[in-house]
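> Sequence and predicted structure are below.
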Amino acid sequence: LYFVERRFFPPDRSLGIYFEWYDSLTGVPSCQRTVAFEKASVLFNIGGLYTQIGTRQDRNTEEGLDTAVDNFLRAAGTFQYIHENFTNAPSMDLGPETLHMLVQLMCGQARE
């Protein structure tokens, strides 16, 4: 995502492209012209994918349990990264309180 930003969205000019995403909690659309919002939204979806992968593992086997824990921790890390690096989110699901809750939830899932 960093290289896409550097290649297509140079800092010295604005291209006027709007990025629209729907809040995962409320369904309300959010629209911004910043690539940072797009990056945070994509990372949020990656964190969601890690949680899905973690929940679909067979946790009755040692290998499945290790894979589930690994994916829950990856999800927690992804949500933590968004929390630390993207501020002023226009949607509730990217807000600091929600991201903090998701980090804690994924850490709890990994410990369970």
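Everything's here; your move.

> the strands in the chain, which residues?
19-22, 29-32 (DSSP state E).

> Given the last one, what are its sheet partners and their directions?
Right, the one you point to is strand 29-32. Strand 29-32 has the following sheet partners, assigned by DSSP bridges: strand 19-22 (antiparallel).

> Show the contacting residues for the residue nearest in space to the middle of the chain.
With distances taken as Cα atoms, centre = their mean, F44 lies nearest the centre of the chain, 1.6 Å away. Going by Cβ atoms under 8 Å, 6 or more residues apart in numbering, F44 touches S24, T78, F79, I82, D93, L94. The way it works is simple: take the backbone N, C-alpha and C, and place the C-beta from them, glycine included.

> change it to 7 Å
I82, D93, L94 (Cβ atoms under 7 Å, 6 or more residues apart in numbering).

> Dump the strands of the chain to a markdown table, plus mean neighbour count, distance to M101 and mean pLDDT.
Listed next are these as a markdown table, based on neighbours: other Cβ atoms under 10 Å; distance: least, Cβ to Cβ, whole Å; pLDDT from 0 to 100:
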| stretch | mean neighbour count | distance to M101 | mean pLDDT |
| --- | --- | --- | --- |
| strand 19-22 | 15 | 19 | 78 |
| strand 29-32 | 14 | 19 | 77 |
